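Visitor: Need coordinates for the below:
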Amino acid sequence: MSQAELLDKQAGAATGHGRMPRQIPYIIANEGCERFSFYGMRNILTPFLISTLLLFLPEADRAGEAKHVFHTFVIGVYFFPLLGGWLADRFFGKYNTVFWLSLVYCAGHACLAAFENNLNGFYFGLLLIALGSGGIKPLVSTFVGDQFDQTNKHKAKLVYDAFYWIINFGSFFASLLMPIFLRSYGPAVAFGIPGILMFIATVVFWSGRKKYVHVPPAPADPHSFMRVARSALLAHAPNQGRPGLIVATIGAIGALASLAMSFQWGFVIAACLALVLVLAFGGIGVSMQLERARPFHPAEAVDGVRAVLRILIVFALVTPFWSLFDQKASTWIVQANAMTQPTFNVFGSDFKFQPAQMQALNPLLVMILIPFNNLVLFPLIRMIGIEPTALRRMTAGIAFTALAWVVIGAIQVHMDNGNATSMAWQILPYAILTLGEVLVSATGLEFAYSQAPKAMKGIIMAFWSLAVTVGSLWVLIVNASVKNDAVIGWIKTTGLGVIAAQMYFFAAFAFIAALVFGWYATRYRLTDNYRE
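Guide: Numbers count the residues shown, from 1 in each chain. Predicted coordinates for the structure are as follows:
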């Protein structure tokens, strides 16, 4: 550190107004390129599968299989944060883990571009991208936090705002441009461009390596979440049995039974359902006997586990939102493929809007709705005497998401009756869905961070990612169910098509979740665990 930098640091420590860390632009640029690469690939995945890679299937089965592949991929993306966080915290540190998994990420993009006509090679590329993207997902944002200290922590919010903006900026242009490249230049180019952006992201991140603050991996914590939970389940109490252990054991047996059904359900559904059973029954069992852990662990650790278990209930009730939200890149594209494409005159030439390009509406609306909510909507709500707390915003967000699916279902019914329908009709459900997103997704992490004790914030990030995984699990289960003859027969008695029936089912699923979430919110006791 130079003499001038040392003097600036000392002045910042004295006033609490230190300057912005000079290494931040490297991380912001890395995030922008990485998000473009991810959304650019993800947003053309479903149409590519339907139009090219799955042509060996009967035409009627291609859309369903494309949705299955897409949501299996999403499950992987939001499951691997557990692995990335564990590797960084226990062994390699954040920088090394992000850098090496970014190279895995690049290799995955290369596979997509190289194996456009090879099913196994393409799926292997998706696996590598899920590992790379998911593995770095919980680390980049926390790596940003590591660059700040008490002298400049007030500037961290500006950086996180820039993070969210750059994510949607990259997503907007990726959603707008990549379908054009897929149509005009083919899949090798369309999947190759995101790979180039990811390579640039990795090089930019590597370029700042000597400027970053590197926080070393933490030693094993004897009072971690899992150690406290294990103590609670195994501890004896005088003249009492261990009912919590029995409940947890039932969950473990159910998980093994689920894995045993993998030959019938498929490994992804069986494994994810097994994980849900272990978490649900294990969490209930731990909560039943948590007080037994106090003789073995400090009160802060035990109370922290209780706080995490309460937050997990909130996360569980949010999973229907993720079921609906992520289908805009699968089910909604399938619907748009059967709609008429709006044509616009651009500089004297006709331009047709592609189905996958409709997803560009989502990040565009996010960039509009977030300032609108903060500057207009929330102040108006406060003026009528209602405080838009985090839990109230999330309740409304789940309900709005359900409403979006009622609208998209009505559009599908209109199409099923033989009416030509323009893709422009999807603008309304996209607007409603995005309003639900900013009320749920943008609020959820803020809520979780404020409620989680300091020592438990890392595990909360992992469980938030798992909520997205479980949301896609529900989609896979529903998609598998509609292949059952009895279910199809029942749907026919309703007079609805299969796709429309699924849309209304998901809408009802989310409305019920919103009601239960709102009820639980009235009983949830808020805490404040921000730093002093």
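
Visitor: how far away is the closest residue to residue 183 other than its chain neighbours from residue 39?
Guide: Spatial nearest neighbour of residue 183, excluding adjacent residues (C-beta to C-beta, 6 or more residues apart in numbering): residue 354 at 6.4 Å. Every residue, glycine included, has its C-beta placed from N, CA and C. Per C-beta to C-beta, to the nearest Å, residue 354 is found 15 Å from residue 39.

Visitor: Settle it for me: which of the two has more neighbours?
Guide: Set residue 354 next to residue 39 and count neighbours by other C-beta atoms under 10 Å: residue 39 wins out with 25 against 22.

Visitor: my guess is the more buried one contacts residue 176, does it?
Guide: No: with contacts defined as C-beta atoms under 8 Å, residue 39 does not count as touching residue 176, sitting 10.4 Å away.

Visitor: Would you agree residue 211 falls within a helix?
Guide: No: per DSSP: H, G, I helix; E, B strand; the rest coil, residue 211 lies outside any helix segment and is coil.

Visitor: Check what pLDDT it gets.
Guide: At residue 211, the pLDDT value in this model is 88.

Visitor: Near it, how many other residues are there?
Guide: Around residue 211 there are 13 other residues, counting by other C-beta under 10 Å.

Visitor: For it, which non-adjacent residue is closest in space?
Guide: Distances taken as C-beta to C-beta, 6+ apart put residue 23 closest to residue 211, at 3.9 Å, once the chain neighbours are dropped.

Visitor: Let me see the contact set for the one you found.
Guide: Residues in contact with residue 23, defined by C-beta atoms under 8 Å, 6 or more residues apart in numbering, are 147, 208, 211, 212, 213.

Visitor: and the fourth one, how many neighbours?
Guide: Spelled out, that is residue 212. Neighbourhood size, residue 212 [other C-beta under 10 Å]: 18.

Visitor: ok, it touching residue 98?
Guide: No: Residue 212 lies out of contact with residue 98 (C-beta under 8 Å); the separation is 10.3 Å.

Visitor: what sits in contact with each of the two?
Guide: Listed as contacting both residue 212 and residue 98 by C-beta under 8 Å, 6+ apart are residue 143.

Visitor: Tell me the buried residues in the longest helix anywhere in the chain?
Guide: Determined from DSSP state H, the single longest helix within the chain is helix 156-185. Of all the residues in helix 156-185, those buried under the rule 16 or more other C-beta atoms under 10 Å are 156, 159, 162-179, 181-183.

Visitor: same deal with stretch 59-79?
Guide: 62-79.

Visitor: And for the helix or strand encompassing residue 281, what's in contact with it?
Guide: Per DSSP states H and E: residue 281 is located in helix 267-289. Outside helix 267-289, the residues that touch it by C-beta under 8 Å, 6+ apart are 72, 75, 79, 229, 232-233, 235, 237, 242-252, 254-256, 258-262, 265, 305-306, 309, 312, 316, 466, 469-470, 473, 476-477, 480.

Visitor: what separates the closest residue to residue 261 other than its chain neighbours from residue 381, distance-wise?
Guide: Distance criterion C-beta to C-beta, 6+ apart; nearest residue to residue 261, sequence neighbours excluded, is residue 270 at 5.4 Å. Plainly put, residue 270 is 44 Å away from residue 381 if you go by C-beta to C-beta.
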